[in-house]
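Peer 1: Sequence first, predicted model second:
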Amino acid sequence: MTLIGIAQIVVFFALILALTKPLGTFMYQVFEGKKTFLHPVFRPLERLIYWVGGVHEEVEQSWVRYSASMISLSVFSVLIVYAIQRLQGYLPLNPMHFSTPQAPQSATPMTPDLAFNTAISFLTNTNWQAYSPDTTLSYFVNMAALAVQNFVSAAVGIAVAVAMIRGFARHSAKTVGNFWVDVTRSIVYIFIPICILATVFFVSQGAIQNFKGPATATTLEGTSQMIEQGPLASQLSIKMLGTNGGGFFNANSAHPYENPTPLANLIQMLLIFCLGAGLTYTFGIMVRDRRQGWALFAAMSVMFVIGVFICYPAEQSGNPKLSKMGVEHVYTGTQPGGNMEGKEVRFGNAATTLFATVTTDASCGAVNAMHDSFTPLGGLVPLFNIQTDEGFTAC
């Protein structure tokens with residue numbers, strides 16, 4: 001490990017700590033129906049959604065009705081996402097002509113089983129994609145199906161968390177809130193404002209956001225290379241904030257279009273962690289004992305710190321199999337460069353292992369390095385985080 005690498009980890013944690021209380025307080029105000037500084041702008045949109053959907057925001061639901069509402073939205077979401085994927089050949093914003101006779105030979109056909117797999121995956125916030133999106137999905141599908149579902153699935157997760165907190169806070173109460181109101185408020189007051197700012201920021205850093213078709217460039221070797229384009233930055237923002245994973249490119253945040261600078265890399269990690277951290281403080285306020293909220297935050301922090309400080313030195317020490325061959329380390333003075341196989345060399349080991357720990361702690365999966373880049377010990381930390389997270393989810 002290096003002092004600079006440790007400093008990066010400390011700064012990241014300090015930023016998360018600084019964001020926890022204000023974000024947690026804001027989310028408490030949102031879900032308790034209190035007026036916030038965003039209400040003058042977004043309250044009309046919230047009311048419009050209720051009017052269109054026939055939702056009475058003052059009417060709360062029992063846990064049975066709350067669950068039934070969640071299931072009904074889930075079924076509707078699967079059907080819509082599945083249909084959009086299967087019909088993409090007839091829909092607009094498809095410059096590569098995917099799912100049409102003019103589709104390039106490299107395109108992956110969106111078969112019924114593949115479309116259903118994707119619909120279920122994005123419903124459950126798993127976001128597994130058994131294909132490369134840039135050679136399979138049109139811009140319209142990425143926006144109208146996957147990006148929208150990134151908002152919805154994340155909002156459902158927060159809504160369920162808030163309902164559970166209300167169950168703890170109200171003890172013998174017969175209602176836990178209104179599912180449709182909680183989902184709407186999550187999207188309108190939390191996801192949309194943050195994602196607008198994040199999208200503009202990512203574009204300023206070099207992330208692409210357009211509707212142009214692929215560009216063709218001539219490489220130094222004189223061959224042609226196709227460079228994909230599209231509305232990436234807007235999907236990137238909610239992917240990170242909603243801990244969705246999945247991506248416009250199959251390489252996720254290892255792709256330079258998606259993660260162009262070290263600052264963009266930092267902001268993406270903050271987006272992944274900020275709402276989860278904030279919800280611990282929201283919990284403390286809602287149960288009227290902020291110490292319990294900080295206790296949850298502390299428990300999560302301990303697991304994060306242990307994970308990142310196991311992963312970082314393991315990665316820095318390198319892969320023992322490559323070390324025996326004498327081809328792994330890049331030496332600068334007396335310090336080895338560590339295991340750089342599959343690493344994003346612009347960010348280095350510290351930022352890469354920090355990203356790996358963050359994304360697996362949050363069950364996001366939006367990696368910024370190749371999937372096979374970790375040393376045996378370093379790779380076990382993300383694997384353990386994944387298993388632990390899935391276990392908590394199942395509970």
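Peer 2: Thanks, I have it.
Peer 1: can you list the weak-confidence ranges in this structure?
Peer 2: The model of the chain has pLDDT under 70 over residues 318-323, 325-345, 365, 367-368, 370-395.
Peer 1: Could you give me the buried positions within the one helix or strand residue 293 maps to?
Peer 2: Counting by DSSP states H and E, the element that carries residue 293 is helix 290-317. The neighbour-count check on helix 290-317 (16 or more other Cβ atoms under 10 Å) flags 292-294, 296-297, 300-301, 303-304, 307-317 as buried. Every C-beta, even on glycine, is put in place using the N, C-alpha and C of the backbone.
Peer 1: do stretch 191-208 as well
Peer 2: Across stretch 191-208, burial judged by 16+ other Cβ under 10 Å covers 191, 192, 194, 195, 198, 199, 202, 203, 205, 207, 208.
Peer 1: And for stretch 274-294?
Peer 2: Using 16+ other Cβ under 10 Å as the test for burial, stretch 274-294 gives 274-287, 292-294.
Peer 1: same check, this time on stretch 66-83
Peer 2: Of all the residues in stretch 66-83, those buried under the rule 16+ other Cβ under 10 Å are 66, 69, 70, 73, 74, 77, 78, 80, 81, 82.
Peer 1: I'd like the distance between the third one and residue 210.
Peer 2: Taken as Cβ to Cβ, to the nearest Å, the spacing of residue 70 relative to residue 210 amounts to 36 Å.
Peer 1: so how far is the strand or helix carrying residue 24 off the chain centroid?
Peer 2: Using DSSP H and E, residue 24 falls within helix 3-31. On the basis of Cα atoms, centre = their mean, to the nearest Å, helix 3-31 sits 17 Å off its chain's mean C-alpha point.
Peer 1: So which other helices or strands are in contact with it?
Peer 2: Counting contacts by 3 or more Cβ pairs under 8 Å, 6 or more residues apart in numbering; DSSP states H and E, helix 3-31 packs against helix 179-185, helix 262-286, helix 290-317, helix 348-361.
Peer 1: residues making contact with the helix or strand just after it?
Peer 2: Per DSSP H and E, the first helix or strand lying C-terminal to helix 3-31 is helix 39-53. Applying Cβ atoms under 8 Å, 6 or more residues apart in numbering, the contact partners of helix 39-53 are 55, 56, 57, 180, 181, 184, 185, 188, 189, 192, 193.
Peer 1: Which residues are in contact with the residue nearest to the first one when sequence neighbours are not counted?
Peer 2: Translated: residue 55. Excluding its sequence neighbours, the residue lying closest to residue 55 (Cβ to Cβ, 6 or more residues apart in numbering) is residue 180, at 4.6 Å. Each residue near residue 180 by Cβ under 8 Å, 6+ apart is listed here: 50, 53, 55, 69.
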